[in-house]
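# let's see this in three dimensions:
(one chain, ligands or ions: 8)
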Amino acid sequence: MNSLAIALLALGGGSAAMTVPTMSPISSSGAPGPTGLSYPSGFDMKSRWGNLSPYTDSTGFGIDKGFPAECELSQVHVLHRHGQRYPSSWPTDGGAMQSFADKIANYSKQNPDKKVGSGPLSFLNDWEYVLGNNLLLPSGAAAEATAGALFWSQYGRLLARPKPTFRTTDYPRILESARWWLSGFFNNVGANSSYALYDLTVMSEDDGFNTTLSSTSTCTNGSSNGDPDVAGFYPTLTKTALKRFSAFLPHDFNLTTMDVYAMFSMCPYESATLGQSSFCSLFTEQEWEDFEYTIDMMFYGNNMFGSPSGRAQGIGYVEEVAARLQSRLIMQSHSSINYTYDNNTKQFPLHQPMYMDMSHETVIVAVLAALGLDYFKYGPHGMPKNVEHAVPRNFIMHKVAPFGARLFTEVWTCPADSKLDKLQDQMYKNPDLSSSSGTTDYIRFVLNNAPVPVEGLSPCKGSVNGFCGMKEFLDYVPELTKQAMYQQACFGDYNVSTQVPNGQPPLS
Ligand SMILES: *[C@@H]1O[C@H](CO)[C@@H](O)[C@H](O)[C@H]1NC(C)=O
Ligand SMILES: *[C@@H]1O[C@H](CO)[C@@H](O)[C@H](O)[C@H]1NC(C)=O
Ligand SMILES: *[C@@H]1O[C@H](CO)[C@@H](O)[C@H](O)[C@H]1NC(C)=O
Ligand SMILES: *[C@@H]1O[C@H](CO)[C@@H](O)[C@H](O)[C@H]1NC(C)=O
Ligand SMILES: *[C@@H]1O[C@H](CO)[C@@H](O)[C@H](O)[C@H]1NC(C)=O
Ligand SMILES: *[C@@H]1O[C@H](CO)[C@@H](O)[C@H](O)[C@H]1NC(C)=O
Ligand SMILES: *[C@@H]1O[C@H](CO)[C@@H](O)[C@H](O)[C@H]1NC(C)=O
Ligand SMILES: *[C@@H]1O[C@H](CO)[C@@H](O)[C@H](O)[C@H]1NC(C)=O
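Ligands and ions are numbered 1, 2, ... in the order given. Predicted structure coming up:
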């Protein structure tokens, strides 16, 4: 088969449902499999969009999802991500899409008698770039309201509800996400009628301001080793599609690697903005797998164990959770904390049954690094870029931090003889153990509704189903702080050119 025939076959689905006959799986020679909005295999491309995937509960991290019936749910700390947004102007994000759009517009202007796209790319002749910048989308607002309502149903009703204080940054999409979440939480269908029911601590994200809910900009020397690694993988990701698409564009359009990457990104962003996108039908299953991999590699290298400041970026939030668990204010900061917000109970209340902090995916990712959760660790050199395709891994962004992602730190008070080995699916009633003696408190980290294994977090050694002794955990937090090496990671003079093993700067 010549390459044009392969390309025609591969693109045959167009924007309608797949019409191409079933093909053999993608071969190692790179011959494309079918493309389309849906696939004969039932493959769901939305779950391969990494941080741009719409929220779904995680399929799980290998441990039981249930609740310990004999224990009392005493507290929940929520770290939440905003909902669907417009792209940022970053060169590999909105920047790449904008310049692809400009290139098409320029080409049409310079060649008024020529069509730009043909065949499956004909839609480009009418296409316009309609995405804005950074702001929360209506689909994101709806996702946050749903998340808040669900949280009330699942956790809120089990716990008391005095007038609580929640926290957010002042970044517009984060602030709006918080308010939408709270509308859902308070079960108010009038969008602004929950306003009086809560207080919101709004922290600045401006340069030079510390905040644990946006910690990348406070960590000025924390290098971004994910970006160069992803740049190295782009040509591999895009090469087959570039060849395929070039057949349907004028020769002098000079389609580039970054143009194809922009075409990938258009799919999730237009889906969030317009409900669907013609770009989605252009790629194979393997290509979507590899697209997700580029996103995973980028976050792994920028905010996770692959980054020398991965632990540092997340430690501030861990310290705040520890302080809340110990009912103490924070009077000084050696991390991304701004103690001015944490040294008083008005802005940093204690003894609330639940807390909610609205933030970014980078922070959720970094917190998992700061906790040292080995389940997500890839290896001593970070995630490899010199591979043909996505490699097997546990750190997968659509499971870790899709739009509307949420990390719960649950606190469970259990009877002395509790083994935590038998969990049940539903929790209708919260037992009251306040008058029982000899109870033990446990914490459990639940990411997108699935508990996370705590291997690697040494005070949790021997834990069952992800439940970790709270006292042992709290005793260990100063050690986590030490391991994060905040001052060195964020302000030190060091150079690393590749991903690192453990989210720390070089130890020398
Ligand atoms: C489009 O054309 C403008 C004006 O001629 C030029 O400045 C710009 O760089 C072009 N953009 C692209 C992506 O080719
Ligand atoms: C929401 O309600 C508060 C308190 O009633 C009010 O101050 C605020 O202006 C309202 N906002 C909007 C957008 O209506
Ligand atoms: C900390 O927050 C206060 C406002 O509460 C602000 O005035 C101050 O500039 C902040 N400092 C830093 C380092 O973020
Ligand atoms: C493609 O490359 C050729 C040769 O360098 C150049 O003349 C042409 O303007 C380029 N086309 C676009 C759309 O940039
Ligand atoms: C901001 O962070 C720096 C670096 O960790 C710290 O030295 C400083 O005390 C913090 N400022 C506030 C107001 O918390
Ligand atoms: C919190 O820190 C700020 C900034 O240092 C200070 O002005 C304020 O008095 C402190 N508040 C309390 C309650 O200690
Ligand atoms: C780290 O930051 C300091 C200033 O805080 C600067 O002097 C130094 O050059 C930086 N080092 C690197 C490697 O960027
Ligand atoms: C890191 O690189 C910078 C710029 O090349 C250099 O000035 C600095 O001395 C290097 N630092 C170390 C610790 O090697």
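# Met331 is in contact with Tyr339, correct?
Yes - taking Cβ atoms under 8 Å as the definition, Tyr339 is a contact partner of Met331 at 6.0 Å. Just so you know, the C-beta spots here come from the backbone N, C-alpha and C atoms, and that holds for glycine as well.
# more neighbours, the two?
The neighbour comparison of Tyr339 against Met331 (other Cβ atoms under 10 Å) goes to Tyr339, with 16 against 9.
# what's the burial count for Ser223?
20.
# am I right that it sits in a strand?
No - Ser223 is assigned coil when assessed by DSSP: H, G, I helix; E, B strand; the rest coil, not a strand.
# any chance of the backbone angles for the nearest residue to Asp493 once chain neighbours are set aside?
Leaving aside its chain neighbours, Asp493 sits nearest to Asn221 (7.5 Å; criterion: Cβ to Cβ, 6 or more residues apart in numbering). Backbone torsions of Asn221, given as degrees, to the nearest 10, read phi -100, psi 0.
# how much space between Asn221 and Gly60?
According to Cβ to Cβ, to the nearest Å, Asn221 and Gly60 sit 37 Å apart.
# quick check: which ranges of this structure have low pLDDT?
1-32, 160-161, 189-192, 508 (pLDDT under 70).
# let's go with 90 and repeat that
Applying pLDDT under 90 to the chain flags residues 1-42, 90-92, 156-163, 186-196, 207-208, 216-217, 220-229, 495, 497-498, 507-508.
# quick one: the helices in it?
3-11, 94-110, 138-154, 172-185, 226-246, 257-274, 285-303, 310-325, 339-342, 361-370, 397-400, 470-484, 486-491 (DSSP state H).
# closest one to ligand 6 among these?
Closest approach to ligand 6 among the helices of the chain is made by helix 339-342 (4.4 Å; Cβ to the nearest ligand atom).
# in the stretch 251-400 of the chain, what residue comes closest to ligand 2?
Met358 (17.5 Å).
# ok, now which ones touch that residue?
The contact partners of Met358, taken as Cβ atoms under 8 Å, 6 or more residues apart in numbering, are 80-82, 166-169, 174-175, 177-178, 181, 213.
# run the last query once more with 10 Å
By Cβ atoms under 10 Å, 6 or more residues apart in numbering, the residues touching Met358 are 78-82, 144, 166-169, 171, 173-182, 200, 202, 213.
# how close does it get to Ile364?
11 Å.
# now do the shared contacts for the two.
Common neighbours of Met358 and Ile364 (Cβ under 10 Å, 6+ apart) are Leu79, His80, Arg81.
# what would the helices of the chain look like in TSV with distance to ligand 6?
Formatted as TSV, the helices of the chain follow (distance: least, Cβ to the nearest ligand atom, whole Å):
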stretch	distance to ligand 6
helix 3-11	61
helix 94-110	37
helix 138-154	30
helix 172-185	23
helix 226-246	35
helix 257-274	40
helix 285-303	29
helix 310-325	14
helix 339-342	4
helix 361-370	23
helix 397-400	34
helix 470-484	20
helix 486-491	19
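# neighbour count and distance to Gly503 for the shared contacts of Met358 and Ile364 - can I get that in TSV?
Formatted as TSV, the shared contacts of Met358 and Ile364 follow (neighbours: other Cβ atoms under 10 Å; distance: Cβ to Cβ, whole Å):
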residue	neighbour count	distance to Gly503
Leu79	27	17
His80	28	22
Arg81	30	20
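# restricted to strands, list those.
When DSSP state E defines the strands, the subset of the shared contacts of Met358 and Ile364 inside them is Leu79, His80, Arg81.
# closest one of the residues you listed to ligand 3?
Closest approach to ligand 3 among those (Cβ to the nearest ligand atom): Leu79, at 19.5 Å.
# indicate the residue of the protein located nearest to ligand 8.
For the chain, Cβ to the nearest ligand atom, closest residue to ligand 8: Asn495, 3.7 Å.
# grab the most central residue of the protein for me.
Ala401 (2.0 Å; Cα atoms, centre = their mean).
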